[in-house]
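Enquirer: Need a 3D model of the following:
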Amino acid sequence: MSAPRHGPSPIGGPRSSSPICLHREVTMPNLRLLHLTFAGARRETAQVTFDPRLTVIYGASDTGKSFVSEAIDYMLGARKLGLIPEAEGYSQILLGIEFPDGSVITLMRGPESGRISVFLDDVRDLVYRAADLELAAQHSARSSKNLSRYLLERMGLDGALISTNDTGGTKLLGFRDLLHLCLVSETRMVSKVSPVLRTVGASGQTAHKSVLKLLLTGEGEPVADARPNAAQRRVHKGKISLLDELVLDLQRQLNPNGGNEADLAGQLRLILTHQDRAAATLQEVTTRHAEAVARRAGLSVTVSQYDQRLAEVDDLLGRFGLLRSQYESDLARLAMVNEAGSLLGYFRTGACVFCGAEPEHQSAGHDAQETTSLHTAVHAESAKTQQLLSDLHLTIDDLQTQREDIAGQRNGSLAQAEEADLEISLIDQEMQPLQNEAAELMSARSIVEQELGLHRRIQELEDVRAGLVADGAQPGGRPAGSIPAGTVAAFDRAIERTLEAWQVRIHDVAYDQYTAELFVGERARAGHGKGMRAVLHAAFATSLADYCLHQETPHPGFIILDSPLVTYRQPGVRHTDDADLPDSVIDYFYRDLYERFPGQAIVVENSDPPTDIVQHAQVYMFSRDPHDHRFGFFPVRPEALPSTSNE
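Expert: Numbers count the residues shown, from 1 in each chain. Modelled structure (predicted):
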């Protein structure tokens, strides 16, 4: 299996099998795709680069070939991209684009994002810096901040109009109106739907035909002064009746005493003036109220602290009072002991009342000695207790003084709190009428604004009604913006030349601009089999680009063809391995795109391209073999590779 090439090599000279035709210089501002890159943190970058002439992506089925064309479509404004499991972990998709002036941009979009970041240089790896421009992915006629308008502006087509109906209706051209003519998916390639149209239904057919007319002639639709015909005037009459009913309903909602719109506008200005003044006064009063409430809260905290301190002092005074009573009781008992000891020692005989000695063991003067010792002990204890009592009196006196000070400070704070309460009450009385006035002004403003809104809505409806009444009529018939017959004939010849270059044996190709169908002789493209339908669609897209680039009319400048030849077989040719057989349609197809086609071509196919194309064009082969050089679009992770053994 041949290895894929990752870079184009210019052909050094003409080949005998097919002479090389020089590309015609094109001055229209066309685009050239540079690369498609998927990047993500801790992921090996997945990338294909595109040759200015021809890029071929071929190989086995289910290897991600069509995913490349789908990703390009997504980067150019498609709403969503069907992700494959291998894309997990890739957070950025990058598409490089070059313009004829040599400037390069890179579009960056997340896998499920509605925004596209534009970098004004070539970025081919995970990017962290801020984008130079942020655009919406979807086209919008109301805003220029979207990818469609940006690319059309670079192509000189922003503001171009296309038809939407047969009576002169127009709309702004979108980039995707052009893209479906040059990027053809595998499904659309074999579809029976005309290459010009997107769907089978009638909706949008006029616009699709108008886009082809723009590409072939280089002229958009003029801003038509379309006036309704008789049928449309009847429709307009019904619209006028409906508008009249709406206006009457709105008028019934108006206040009959509210005045006209000018009076209401004057009332609103007066209300706004009063409201501003009342708001300023209310703000000043509210500020004073908040300051008074803050002071009152601070005083409440201070009084609470004083109450707590007084409770602590009162508790200490209570405890010290009990201790003082105990000391006084002890002193009284000691005095009684001292007196009782003297009496007992003198008047009682027998055993000593002090030491318990019997009379026979008592010496002379024993009573006097014992009495003296008792008096000494009692005196010492009384002196000690008296000292403690004196210290306790000092402590109690100090606490009493502290209590009086705290009580005085508390009373002062209470007085300030009462003053703050009075101030708050007065401010509340002052604030109440101001709040009432503000509420009344807001209510009055709401009523006036509602009345003005009704007047404005009535005026809008009356303006629409006046426009309908002022419209005249225009005869119906075939739209004036048809393609000139000479241009259609020249385009038919371009398709014939392409098919002849591909060695497809058909004659008399004609495009019917009114049915948007491509005919081969008397047979429409839709009447052929899938293989011929695919070849004719590819030839249509290729010839359209070829014609526009040579005539220097608008075209994106590239074509992307997915599976144009996968089901085709040349009539009358037996496919064998005989190398002497003449080249097949497939060979001529690739050589024509490389040598004669003036734009950039990207082809996605299953079968191998010719050897000379593999050597000179940018060719990628996607293989299902995980050990091949290129396994699909995304690199194979090491854990996904099957284990090998040397045994």
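Enquirer: Which pLDDT value belongs to Leu183?
Expert: Looking at Leu183, its pLDDT reads 97.
Enquirer: Count the residues that sit near it.
Expert: For Leu183, the tally of surrounding residues (other Cβ atoms under 10 Å) stands at 23. (Each C-beta comes from the backbone N, C-alpha and C, glycine too.)
Enquirer: Checking the residue nearest to it when sequence neighbours are not counted next. Helix, strand or coil?
Expert: What sits nearest to Leu183 in space, not counting adjacent residues and going by Cβ to Cβ, 6 or more residues apart in numbering, is Ile560, at 4.4 Å. Assigned with DSSP: H, G, I helix; E, B strand; the rest coil, Ile560 falls in the strand class.
Enquirer: my read: Ile560 touches Cys182, true?
Expert: Yes - counting by Cβ atoms under 8 Å, Ile560 touches Cys182, with 6.8 Å between them.
Enquirer: for the stretch 51-200 of the chain, which spans come out with low pLDDT?
Expert: By pLDDT under 70, the low-scoring segments of the stretch 51-200 of the chain are 167.
Enquirer: What segments of it are helices?
Expert: With helices called from DSSP state H, counting those that start in this stretch, the stretch 51-200 of the chain shows them at 65-75, 147-154, 175-179, 186-190.
Enquirer: So which of these is nearest Met442?
Expert: helix 147-154 (43.3 Å; Cβ to Cβ).
Enquirer: ok, and for that closest one, which residues are buried?
Expert: Neighbour counts using 16 or more other Cβ atoms under 10 Å place 147-152, 154 of helix 147-154 among the buried residues.
Enquirer: Export these as TSV, with columns for distance to Leu426.
Expert: Below are the buried residues of helix 147-154 laid out as TSV (distance: Cβ to Cβ, whole Å):
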residue	distance to Leu426
Leu147	66
Ser148	67
Arg149	65
Tyr150	66
Leu151	71
Leu152	70
Arg154	72
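Enquirer: Specify which member of these is nearest to Thr395.
Expert: Nearest to Thr395 among the buried residues of helix 147-154: Leu147, at 90.0 Å, using Cβ to Cβ.
Enquirer: My read is that the closest one contacts Leu135, right?
Expert: Yes - here Leu147 lies in contact with Leu135, judged by Cβ under 8 Å, at a distance of 4.8 Å.
Enquirer: just to revisit the earlier point, which residues does the residue nearest to Leu183 form beta bridges with?
Expert: Taking DSSP bridges, one obtains Leu183, Ile602 as the residues bridged to Ile560.
Enquirer: before we move on, back to that, between the helices of the stretch 51-200 of the chain, which gets nearest to His274?
Expert: With distances scored as Cβ to Cβ, the stretch of the helices of the stretch 51-200 of the chain nearest to His274 is helix 147-154 (47.3 Å).
Enquirer: tilt between that closest one and helix 65-75?
Expert: With axes from the mean of the first three to the mean of the last three Cα atoms, to 10 degrees as the basis, helix 147-154 and helix 65-75 are set at 80 degrees to each other.
Enquirer: Name the surrounding residues that touch helix 147-154.
Expert: 29, 31, 76-77, 99, 107, 116, 118, 133, 135-140, 143-144, 158, 160, 173-176 (Cβ atoms under 8 Å, 6 or more residues apart in numbering).
Enquirer: Report the distance from that helix to the chain centre.
Expert: Centre-to-centre, helix 147-154 and its host chain are 21 Å apart (Cα atoms, centre = their mean, to the nearest Å).
Enquirer: how about that helix as CSV, C-alpha atoms only?
Expert: The C-alpha trace of helix 147-154 is given here as CSV (Å, rounded to 0.1, in the frame of the first residue of the first chain):
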residue,chain,number,x,y,z
LEU,A,147,-18.7,35.0,9.0
SER,A,148,-20.9,35.2,5.9
ARG,A,149,-20.8,39.0,5.6
TYR,A,150,-17.1,39.1,6.4
LEU,A,151,-16.2,36.6,3.6
LEU,A,152,-18.6,38.3,1.2
GLU,A,153,-17.0,41.7,2.0
ARG,A,154,-13.5,40.3,1.2
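Enquirer: what about dumping the CA coordinates of the helix or strand harbouring Leu518 to CSV?
Expert: For Leu518, the host element (DSSP states H and E) is strand 517-520. Taking C-alpha atoms only, strand 517-520 is exported to CSV below (Å, rounded to 0.1, in the frame of the first residue of the first chain):
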residue,chain,number,x,y,z
GLU,A,517,-32.5,21.1,-14.4
LEU,A,518,-29.5,19.8,-16.3
PHE,A,519,-30.4,17.9,-19.5
VAL,A,520,-28.2,15.5,-21.5
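Enquirer: Sheet-wise, list the partners of that strand with their directions.
Expert: When DSSP bridges is applied, strand 517-520 pairs with strand 509-512 (antiparallel), strand 523-524 (antiparallel).
Enquirer: one step back: buried ones only from the contacts of helix 147-154, please, as a ChimeraX command.
Expert: Buried residues among the contacts of helix 147-154 (16+ other Cβ under 10 Å), as a ChimeraX selection:
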select :31,76,77,99,107,116,118,135,136,137,138,139,158,160,173,174,175,176
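Enquirer: buried stuff in stretch 426-442?
Expert: Applying a neighbour-count criterion of 16+ other Cβ under 10 Å, one finds 427, 431, 434, 437-438, 441 buried in stretch 426-442.
Enquirer: before we move on, what about stretch 404-418?
Expert: Using 16+ other Cβ under 10 Å as the test for burial, stretch 404-418 gives 406, 409-410, 413, 416-417.
Enquirer: Which ones among the buried residues of stretch 426-442 lie within helices?
Expert: Secondary structure assignment (DSSP state H) places 427, 431, 434, 437-438, 441 from the buried residues of stretch 426-442 within helices.
Enquirer: Now tell me which helix or strand of the chain has the poorest mean pLDDT.
Expert: helix 230-253 (a mean of 80; mean pLDDT, DSSP states H and E).
Enquirer: which strands and helices sit next to the helix or strand just after it?
Expert: Sequence order places helix 261-347 as the next helix or strand after helix 230-253, per DSSP H and E. If contacts are counted by 3 or more Cβ pairs under 8 Å, 6 or more residues apart in numbering; DSSP states H and E, helix 261-347 sits against helix 366-470.
Enquirer: end to end, how far does stretch 179-197 reach?
Expert: 12 Å (Cα to Cα, to the nearest Å).
Enquirer: Now do the closest residue to Asp512 other than its chain neighbours against Ile506, distance only.
Expert: With Cβ to Cβ, 6+ apart as the criterion, Asp512 has its nearest non-adjacent residue at 6.3 Å, and that residue is Phe519. For Phe519, the distance to Ile506 equals 11 Å [Cβ to Cβ, to the nearest Å].
Enquirer: shared neighbours, Leu147 and Leu135?
Expert: Ile116.
Enquirer: Could I get the buried residue list for stretch 300-315?
Expert: Within stretch 300-315, the residues that count as buried by 16+ other Cβ under 10 Å are 302-303, 306, 309-310, 313.
Enquirer: sorry, that was for stretch 508-527
Expert: Buried residues in stretch 508-527, counting neighbours by 16+ other Cβ under 10 Å, are found at 509-511, 513, 516-520, 524-525.
Enquirer: what's the straight distance from one end of it to the other?
Expert: Using Cα to Cα, the two ends of stretch 508-527 sit 16 Å apart.
Enquirer: residues in contact with that stretch?
Expert: Residues contacting stretch 508-527 (Cβ under 8 Å, 6+ apart): 192-197, 205, 208-209, 212-213, 478, 482-483, 488, 491-492, 495-496, 499, 506-507, 528, 532-533, 536-537, 540.
Enquirer: Sitting in helices, which of those do you find?
Expert: Short answer: the contacts of stretch 508-527 in helices (DSSP H) are 205, 208-209, 212-213, 488, 491-492, 495-496, 499, 532-533, 536-537, 540.
Enquirer: For these, name the two members farthest from one another.
Expert: Farthest pair in the ones in helices among the contacts of stretch 508-527 (Cβ to Cβ) is Lys213 and Met532. Separation: 26.2 Å.
Enquirer: With neighbour numbers in mind, choose between those two.
Expert: Lys213 (23 against 20).
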